[in-house]
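K.L.:
Provided below for reference: sequence and predicted model.
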Amino acid sequence: MTVNPIKLGIVGCGVISDAYLKGAARSEIVKAVAVSDMLPEAARAKAQEYGVRAETLADLLADDEISIVINLTVPAAHAEVNAAILAAGKHVYTEKPFAVTYAEAKATMDQADAAGLRVGCAPDTFLGAGHQSVRRLIDAGRIGTVTGGAATFATAGAEVWHPNPFFFYQRGGGPVLDIGCYPITQLVNCLGPVASVVAQASRPRAVRTVGSGPRAGEDIAVEVFTTYNGVLVFESGANVALTASWDVWKHGRPPIEIYGTEGTIQNPDPNFFGGPVALSQRDGAFADALMAELPFGAPNRPLRDGRQVADYRMVGVFDMAAAIATGRPHRASGALALHVMEVMESLERAAAEGRRIDLATRCERPAPVPFGPGESVFAEEPAAA
Ligand SMILES: NC(=O)c1ccc[n+]([C@@H]2O[C@H](COP(=O)([O-])OP(=O)(O)OC[C@H]3O[C@@H](n4cnc5c(N)ncnc54)[C@H](O)[C@@H]3O)[C@@H](O)[C@H]2O)c1
């Protein structure tokens, strides 16, 4: 099946906008037509580079041609910009975190539901071949009943590489909201919803230093905790440890391990789409279990350290656009992100208040990604019954 490309607008023309504009340029499902930024020169630069229009937000939202607007602004602006997009009658796909608070994210969902519009939210990395292989191994019962796991997302912090890293350390930043969403989203994709959490947190440094770009050497005031150790207890009973930290130069832990009554799975880095998947059954050796016939797993991007990774950010938008065309649910959905947002906020509250937090929300696991090459797997899926 072919679909007419759905026209996109993009708000926020910073670091991550290149991933979306490049992704749109190679897509048959979507076409980016306009960009906007509170700094008009930032929008003009991207417009020139990618052959799209630079517009004010008001003009972009008034454009009848555009049906999905992607929000790539900083976290503190997500809720306000999402509200404006929905008020203009357009579907929204927002970068993570969904919002700065659960209440803001819930308001966005309520507004969208009332207007009959879709909300999509990053991360979409769980749609990659690495994570979808893990999901299929678990669903096929290869490790029996899942009993627990451990997830570690720990780096030295964004100021090492990001030219404007202040927002990471302000309200709405911190490692749980910024990077915790990657492992938590993949865990919910594999294990279903979380029922309760506990956590402890610390802030070893009150001041950090910008490490690159024109503002290198400037102080960053740290308003948030930067190391969290938490436990997620899933509705299924699985008991999973989570470390999210910006105080770690190096570690030797796998990004995610999932333990079952019959074996163990090692899940690749949920910041990217592919990577090694290892399965061991009972006390057998780990063996490669990546399903290479799943899409979005081939390395396509070099990292600063020269490693090649699979990075297909934008796949969540392809899936949402195809889902709108056929009327089926999309996978990187607002409902999934709202639950993950509540998990993240609850980890922060559990640490701040020193107690267990029971979650109010639940969500369905998204449908697995079909086997096949590239974004056409989404366009070929049947409509909802
Ligand atoms: N940089 C990354 O690798 C990366 C990866 C994944 C996700 N993200 C997420 O993407 C979002 C953007 O990150 P970034 O690194 O591109 O940030 P950035 O600071 O480089 O860019 C943000 C842009 O949004 C614009 N902006 C801010 N508020 C606005 C508003 N109210 N209206 C219009 N424009 C506004 C800014 O002028 C800026 O150009 C964040 O939520 C971040 O968590 C970033």
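P.N.:
Arrived safely.

K.L.:
was I right about residue 106 contacting residue 335?
P.N.:
No: contact criterion C-beta atoms under 8 Å: residue 106 and residue 335 do not qualify, at 10.8 Å. For the C-beta atoms, the positions are set from N, CA and C on the backbone; glycine is no exception.

K.L.:
what's the burial count for residue 207?
P.N.:
Neighbour count for residue 207, taken as other C-beta atoms under 10 Å: 9.

K.L.:
now it. Nearest residue, chain neighbours left out?
P.N.:
The shortest distance from residue 207 to any non-neighbouring residue, by C-beta to C-beta, 6 or more residues apart in numbering, is to residue 219 (5.2 Å).

K.L.:
how much space between the one you found and residue 345?
P.N.:
28 Å (C-beta to C-beta, to the nearest Å).

K.L.:
and the chain, split by domain according to the record?
P.N.:
As assigned by automatic domain parsing, the chain contains the domains 6-121, 128-295+336-342+352-358.

K.L.:
and the longest one, end to end?
P.N.:
From its first residue to its last, domain 128-295+336-342+352-358 covers 30 Å (C-alpha to C-alpha, to the nearest Å).

K.L.:
quick one: which helix or strand includes residue 7?
P.N.:
Using DSSP states H and E, residue 7 maps to strand 6-11.

K.L.:
output the helix or strand following that strand as CSV, restricted to C-alpha atoms.
P.N.:
For strand 6-11, the following helix or strand on the C-terminal side (DSSP H and E) is helix 17-25. Provided in CSV are the C-alpha atoms of helix 17-25 (Å, rounded to 0.1, in the frame of the first residue of the first chain):
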residue,chain,number,x,y,z
SER,A,17,16.2,18.7,14.6
ASP,A,18,18.7,17.4,12.1
ALA,A,19,17.8,13.8,12.9
TYR,A,20,14.1,14.6,12.1
LEU,A,21,14.8,16.6,9.0
LYS,A,22,17.1,14.0,7.6
GLY,A,23,14.6,11.2,8.5
ALA,A,24,11.8,13.1,6.8
ALA,A,25,13.9,13.6,3.7
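
K.L.:
who touches helix 17-25?
P.N.:
With C-beta atoms under 8 Å, 6 or more residues apart in numbering as the contact definition, helix 17-25 has outside contacts at 8, 10, 30-32, 35, 46, 49-50, 52, 70, 72, 311-315, 317-318.

K.L.:
could you dump the helix or strand following it to PDB, C-alpha only?
P.N.:
Next in sequence after helix 17-25, counting helices and strands by DSSP H and E, comes strand 30-36. Taking Å, rounded to 0.1, in the frame of the first residue of the first chain, the C-alpha atoms of strand 30-36 are listed here in PDB:
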ATOM      1  CA  VAL A  30       5.900  11.900   5.600                       C
ATOM      2  CA  LYS A  31       7.200  15.200   4.100                       C
ATOM      3  CA  ALA A  32       8.600  18.100   6.100                       C
ATOM      4  CA  VAL A  33       7.400  21.400   4.700                       C
ATOM      5  CA  ALA A  34       8.000  24.100   7.300                       C
ATOM      6  CA  VAL A  35      10.100  24.800  10.400                       C
ATOM      7  CA  SER A  36       9.800  27.400  13.200                       C
END
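
K.L.:
pull up the pairing partners for strand 30-36, direction included.
P.N.:
Within its sheet, strand 30-36 is paired with strand 6-11 (parallel), strand 53-54 (parallel), according to DSSP bridges.

K.L.:
residue 219 and residue 345: which has the busier surroundings?
P.N.:
Using other C-beta under 10 Å, the more surrounded residue of residue 219 and residue 345 is residue 345, with 22 against 11.

K.L.:
roughly how far apart are the more buried one and residue 48?
P.N.:
Taking C-beta to C-beta, one finds residue 345 at 39 Å from residue 48.

K.L.:
nearest to residue 327, of the domains of the chain?
P.N.:
Proximity to residue 327, assessed across the domains of the chain by C-beta to C-beta, is greatest for domain 6-121 (11.0 Å).

K.L.:
need the contact list for whichever residue of the stretch 1-150 of the chain sits closest to the ligand.
P.N.:
Nearest residue of the stretch 1-150 of the chain to the ligand: residue 14, at 1.7 Å (C-beta to the nearest ligand atom). Shown in contact with residue 14 (C-beta under 8 Å, 6+ apart): 37, 42, 72, 74, 164.

K.L.:
sorry, back to before: buried among the contacts of helix 17-25? Make that a ChimeraX selection.
P.N.:
Command for ChimeraX that selects the buried part of the contacts of helix 17-25, burial taken from 16 or more other C-beta atoms under 10 Å:
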select :8,10,30,31,32,35,46,50,52,70,72,311,312,313,314,315,317,318
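
K.L.:
ramachandran angles for residue 201?
P.N.:
phi -140, psi 160 (degrees, to the nearest 10).

K.L.:
list the contacts of it.
P.N.:
By C-beta under 8 Å, 6+ apart, the neighbours of residue 201 are 225, 227-229, 348, 351-352.

K.L.:
distance of the residue in the stretch 101-250 of the chain that the ligand sits nearest to relative to residue 174?
P.N.:
For the stretch 101-250 of the chain, the residue closest to the ligand is residue 164, as judged by C-beta to the nearest ligand atom, at 4.9 Å. To residue 174, residue 164 is 17 Å away according to C-beta to C-beta.

K.L.:
on that earlier part again, which residues do residue 106 and residue 335 both contact?
P.N.:
What both residue 106 and residue 335 touch, as defined by C-beta under 8 Å, 6+ apart, is an empty set.

K.L.:
next, count neighbours for the nearest residue to residue 157 once chain neighbours are set aside.
P.N.:
Closest residue to residue 157 apart from its sequence neighbours, by C-beta to C-beta, 6+ apart: residue 246 at 3.7 Å. Residue 246 has 29 neighbours, counted by other C-beta under 10 Å.
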